[in-house]
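Participant: Whatever this is, show me its structure:
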Amino acid sequence: KSGRFAVALIDFDLAGWSSLASLDYPSNGHPPCLVIGLVNPQTLNKYQAARHFKVHELLEKPLDSFKLQSALQRCIQFYQLKQENIRLHQTAGRLRMELAHQMLNTPWIPDPGRIQEHSSGPFLDESVRLSRREKKWKRLLHSTDNLDDLLKLIIETATRECRAKQASVMLMDRVDHKLEIRRAIGLAEEIIEKTRVSVGQGPAGYVAETRKPLLVQDSLDYVVSNWPQRYQHVSFASLPLLCAGELIGVLNVTGKENGEAFTEDEMESLTAFTSVAADALDRLVLGEELRKGYLATLKALALAIERKDPYTSGHSARVCAYSLAIARKMHLSEREMATLEAASILHDIGKMIIPYHILHKPGPLTEEENHVLHRHPEFGSDLLGCLRGYEIERDAVRHHHEWYDGSGYPDGLRGEQLTLCTRIIAVADAYDAMTTQRAYRSAKDIEIARREILAHSGSQFDPAVVDAFRHVWEEEDLLPSELLEEAATTVGS
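Facilitator: Below you'll find the predicted structure:
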């Protein structure tokens, strides 16, 4: 109780929690000595919380001399470091006081020569330069709220920092727990699309599993059983993108421009960079996942509501299938196709706010009822309003009833004021509406519907989209049921 001993051994199974009170804790909450707790394996979990009371070691019984000796050595090292730390703090405090006293009593006259001498060279050491680069990286990577733009900045900065020929950012798919390339420089498009790496597989998988950076200065020295391929470049590095202990992905750099190996200094710089990059990625990846979750919920809700009505059941799926068929003829990119898919599925989501008796009225609508029904594009746009990064989808939902000549609703936009996504959905939506039965009318013959689409080319519809749709039915002659089978997997996901 006097506190004059350096280490205390406490058998918690015999003495219990109350034994900690015998150490006479001072007001700062730290025990007056180092504490080693002894527990049975069966009670280890019970006393794990003892670490919160500054218990330095927990050893399982039975206790042998080797365990005790190792624990005592660790305690002694900790005690010595603690004492050295106290001494350094006291010395630093004394020096600060002396410096302050000297500055108060001695006027300071700047020496231009010494300022110039210390503003460059060894005085500005590598740690200071690295710190400045980290601040620059942080400003750069936090300057965008778009995930694709951020990935592009990460790749460009990484290759510039170490003068690499190739680089890629792989993000972890939280569903199947595999790494997929989201952005790359110097890699073939086919490799980017097909590469999916399991945790533990190859260099990137190894880094994802161990959460430690990997530097290979000679690829001939790096061949593992689950990744036997040889590398065309001499050197490569893979680094984990970690934020708060969570793995977001892996950054890979391969092959220096001068053909040399990556150095330890470059690896240190890349490690610092990945820390900044992971922090920026975490914010946007989480946001993207939340938006995708919300979007998936809206899709499911739209399809569920639609299926309650025998007349409109499958409408969104067919519009999606027609839209994608048109898009392929117009050679849209993969990213544009994904945007079009989401927008076409959600184009009528605003109808969930329209009263049931208006949507399912068997006869003609009154002027007031028509006014309410015509607001469904606005309601749908509002439902998507909280999704940053889905502006094109929201725009298509709002304007899919606009006409190419400007006589549609709700905003009277025309021609190129409407996105291509919107103009495609307008054709697909009108065609499916004509060729399916509704409560107030029978379905039109497919040939009649096609002639209607052609007749309104340039007025209601974009001529280029109509031409692409004409090629769809002329070259493929797909019926709605066949298109539905093609789209079923995509829409269901």
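Participant: And Cys421, how far from Val250?
Facilitator: Between Cys421 and Val250 the computed distance is 33 Å (CB to CB, to the nearest Å). (Glycine included, C-beta is placed from N, CA and C.)
Participant: all strands in the stretch 1-150 of the chain, in order from the N-terminus.
Facilitator: Using DSSP state E, counting those that start in this stretch, the strands of the stretch 1-150 of the chain run over 7-11, 34-39, 57-60.
Participant: could you dump those to TSV with distance to Leu413, mean neighbour count and mean pLDDT?
Facilitator: TSV is the format used below for the strands of the stretch 1-150 of the chain (distance: least, CB to CB, whole Å; neighbours: other CB atoms under 10 Å; pLDDT from 0 to 100):
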stretch	distance to Leu413	mean neighbour count	mean pLDDT
strand 7-11	78	17	82
strand 34-39	73	21	83
strand 57-60	70	17	81
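Participant: what pLDDT, on average, does stretch 281-291 get?
Facilitator: Within the predicted structure, the mean pLDDT of stretch 281-291 is 77.
Participant: can you pull the buried residues of it?
Facilitator: By neighbour count on 16 or more other CB atoms under 10 Å, the buried set for stretch 281-291 is 281-282, 284-285, 288, 291.
Participant: Closest to the centroid, which residue in this protein?
Facilitator: The centroid of the chain falls nearest to Val285 when counting by CA atoms, centre = their mean (1.8 Å).
Participant: contacting residues around the nearest residue to it once chain neighbours are set aside?
Facilitator: Spatial nearest neighbour of Val285, excluding adjacent residues (CB to CB, 6 or more residues apart in numbering): Ile248 at 5.9 Å. Ile248 makes contact with 171-172, 241-242, 278, 281-282, 285, according to CB atoms under 8 Å, 6 or more residues apart in numbering.
Participant: Shouldn't Ile248 be within a strand?
Facilitator: Yes. Assessed by DSSP: H, G, I helix; E, B strand; the rest coil, Ile248 belongs to a strand.
Participant: So it versus Lys135, what's the distance?
Facilitator: Ile248 is 21 Å from Lys135, by CB to CB.
Participant: Show me the helices in the stretch 1-150 of the chain, by range?
Facilitator: Along the stretch 1-150 of the chain, counting by DSSP state H, counting those that start in this stretch, helices occupy 12-15, 65-105, 112-118, 126-141, 147-162.
Participant: Pick the most deeply packed of these.
Facilitator: With neighbours taken as mean count of other CB atoms under 10 Å, the helices of the stretch 1-150 of the chain reach their highest mean count in helix 147-162, at a mean of 19.
Participant: What lies in contact with the very next helix or strand once past it?
Facilitator: Downstream of helix 147-162, the next assigned helix or strand under DSSP states H and E is strand 164-173. With CB under 8 Å, 6+ apart as the test, strand 164-173 has contacts from 151, 154-155, 158-159, 178-187, 192, 195-197, 204, 208, 233, 241, 247-257, 262, 281, 285.
Participant: mind listing what the helix or strand just after strand 164-173 pairs with, with the direction of each?
Facilitator: Using DSSP H and E, the helix or strand that directly follows strand 164-173 along the chain is strand 178-185. In the sheet, strand 178-185 lines up against strand 164-173 (antiparallel), strand 196-198 (antiparallel) (DSSP bridges).
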